[in-house]
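1. got a predicted model here, sequence first, then my questions.
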Amino acid sequence: MKISAFTLDPNFNLYTEFNVVVRAENPNEKVAIIYAGSGAVAVTYTGSTLCYGKLPSFYQGHRNTTVINVSLKGKSEFGSGLQSALIDNKRKGRIPLDVHVKVPFSVEVGSLRTSPLTAFVRCALVVDNLSPNHKVNIISSKYDVEIKY
């Protein structure tokens, strides 16, 4: 994750620009995955959305790892309570973020293709900083994945 902008104005509006790297792994030698273009990524802090972006559509062949850079932008109202909590987390160097990914996809085996499915991924991260143009180190991460038919 790279932070391009993280600015709070006097009216408590937060402007953010993140670049998030999404890595999709397909280790299967017989199955391909078709990702629809209506996928989305959102980054939240204590339930408040910081930024949001769209995932591109793409075809992922057999035994393939695809890395996608996703640009996320946001403007959100960030009250004084959230601002105080964030400042405290930044001071401690432990900022909790949730990255939510929604990915519609189909699976292809030979000439057969499944009906559309949707993967919901939640990545709970703790990072050391959110300063623009500084390296963001991930201190801890936990992933949850749910597939809906």
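-> Received, thanks. Numbers count the residues shown, from 1 in each chain.
2. from here on, just use CA atoms for contacts and neighbour counts.
-> Noted.
3. what is the mean pLDDT for the helix or strand hosting residue 142?
-> Element membership for residue 142, per DSSP states H and E: strand 138-148. Average pLDDT, strand 138-148: 97.
4. which residues in the chain form helices?
-> Secondary structure of the chain (DSSP state H): helices located at 80-92.
5. can you show me the strands along it?
-> Assigned by DSSP state E, the chain shows strands spanning 2-8, 13-26, 31-35, 40-45, 48-54, 58-60, 64-77, 95-109, 112-113, 117-127, 138-148.
6. pipe those into TSV and attach mean neighbour count and distance to residue 87 per row.
-> Written out in TSV, the entries for the strands of the chain read as follows (neighbours: other Cα atoms under 10 Å; distance: least, Cα to Cα, whole Å):
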stretch	mean neighbour count	distance to residue 87
strand 2-8	17	11
strand 13-26	17	13
strand 31-35	20	38
strand 40-45	19	12
strand 48-54	20	15
strand 58-60	16	39
strand 64-77	16	16
strand 95-109	20	9
strand 112-113	12	49
strand 117-127	17	13
strand 138-148	12	18
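7. picking up where we left off before, direction included, what does the strand holding residue 142 pair against?
-> Looking at strand 138-148 with DSSP bridges, its partner strands are strand 117-127 (antiparallel).
8. what's the angle between the partner strand and helix 80-92?
-> Counting by axes from the mean of the first three to the mean of the last three Cα atoms, to 10 degrees, strand 117-127 lies at 60 degrees to helix 80-92.
9. distance from the strand holding residue 142 to the middle of the chain?
-> Centroid displacement of strand 138-148 relative to its chain, using Cα atoms, centre = their mean, to the nearest Å, is 10 Å.
10. again with stretch 127-145
-> Centroid separation between stretch 127-145 and its chain, computed with Cα atoms, centre = their mean, is 11 Å.
11. could I get the strands of the chain as CSV with distance to residue 83?
-> As requested, the strands of the chain are exported to CSV (distance: least, Cα to Cα, whole Å):
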stretch, distance to residue 83
strand 2-8, 9
strand 13-26, 9
strand 31-35, 37
strand 40-45, 11
strand 48-54, 11
strand 58-60, 38
strand 64-77, 10
strand 95-109, 12
strand 112-113, 47
strand 117-127, 17
strand 138-148, 21
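12. out of those strands, which comes closest to residue 86?
-> Among the strands of the chain, strand 95-109 comes nearest to residue 86, with 7.3 Å by Cα to Cα.
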